[in-house]
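> structural data only, the sequence is not supplied:
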């Protein structure tokens, strides 16, 4: 049986890039890896390596890429694909991730985030592609409970009763304040998945990555993902300005949208706290634990919103704060949980 490396080399050859140099670009929280190919004339392309035997599937990425490109957005063009082996050859949109651009020049923060916010307002005027699942209140409540199932269980102790009570209350809050599933949500719309392409025009200046888990969801979800970033601090001034910009550009009801925004913020940040704990304990990726305090700070602000009153006390009374001791307990269990 050919190795993964043999399959990769075969794909490169069949795609007409056998003479290209290959270098690693990045991996991510999943099992996907990314490589850059460079020809002698400096023409480049990106390979996505998404092994099916590890649960990856390139077809959702292709479907969403086709949809976004058809609307005029800067999703990478698909140059070649092998669905069976799990490889894609993609247009190379460069290395100017929002996070890198802003690390070098913070004065561009408002400009970049404004462009990304305008893109969402534009995207949300279009119908969703066929076949997408719904990010419903029930689904979101289950995923938010990962904070109880993984973070609480591994950092402190299991509490099934609290987890079940949380699921019920969280689902009710989401049904009350954020029930809509009528726009495409990319779900990881943040500074390390957005590229700045200043030579393009309008919303095409924002390059899009990592949207294979897209679903139909609430229009506030990706704005939360953008502004309550797990990996970088977005200034409070920019957060509020972008909220106001989106509301103005879409003419949504201000109060209803803000209620949904903070409820979805709590949902998303609880899910991320649980996922980061799981990435450490189950998958051996301890560095994600270091991101939990920032996510926790977002969560605490979300819980302060009146719409979260029915859930806030339960979360604060049950989940341990991410003190140094709490985080160390998670790291001490890194890669200790064996799974089939």
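Nice, thanks for sending it over. Just so we're clear, the structure is a prediction, and the values are computed from it rather than from any experiment.
> any idea how far residue 138 lies from residue 1?
41 Å (CB to CB, to the nearest Å). (C-beta placed from N, C-alpha, C; glycine too.)
> which of the two has more neighbours?
residue 138 (14 against 4; other CB atoms under 10 Å).
> how about the one helix or strand the more buried one maps to: buried residues?
Assigned by DSSP states H and E, residue 138 belongs to helix 137-144. Residues 137, 139, 140, 141, 143, 144 are the ones in helix 137-144 that count as buried (16 or more other CB atoms under 10 Å).
> counting contacts, what elements does the helix or strand that comes right after it pack onto?
Once helix 137-144 ends, the next helix or strand along the chain (criterion: DSSP H and E) is helix 146. Applying 3 or more CB pairs under 8 Å, 6 or more residues apart in numbering; DSSP states H and E, we find helix 146 packed against helix 254-281.
> report the buried residues of the helix it packs on.
By neighbour count on 16+ other CB under 10 Å, the buried set for helix 254-281 is 257-281.
> rewinding a little: could the buried residues of helix 137-144 be laid out in a markdown table, adding pLDDT?
Below are those laid out as a markdown table (pLDDT from 0 to 100):
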| residue | pLDDT |
| --- | --- |
| 137 | 98 |
| 139 | 98 |
| 140 | 98 |
| 141 | 98 |
| 143 | 98 |
| 144 | 98 |
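> can you name the next helix or strand after the helix or strand of the chain with the lowest mean pLDDT?
One helix or strand of the chain scores below all others by mean pLDDT, DSSP states H and E: strand 21-27, with a mean of 86. Going down the chain from strand 21-27, the next helix or strand is strand 33-38, by DSSP H and E.
> just the helices in this structure please.
In the chain, helices defined by DSSP state H lie at 4-14, 59-70, 98-104, 109-123, 137-144, 146, 153-155, 160-177, 221-227, 236-250, 254-281, 292-303, 309-318, 324-332, listed in chain order.
> so which of those comes closest to residue 45?
helix 4-14 (9.7 Å; CB to CB).
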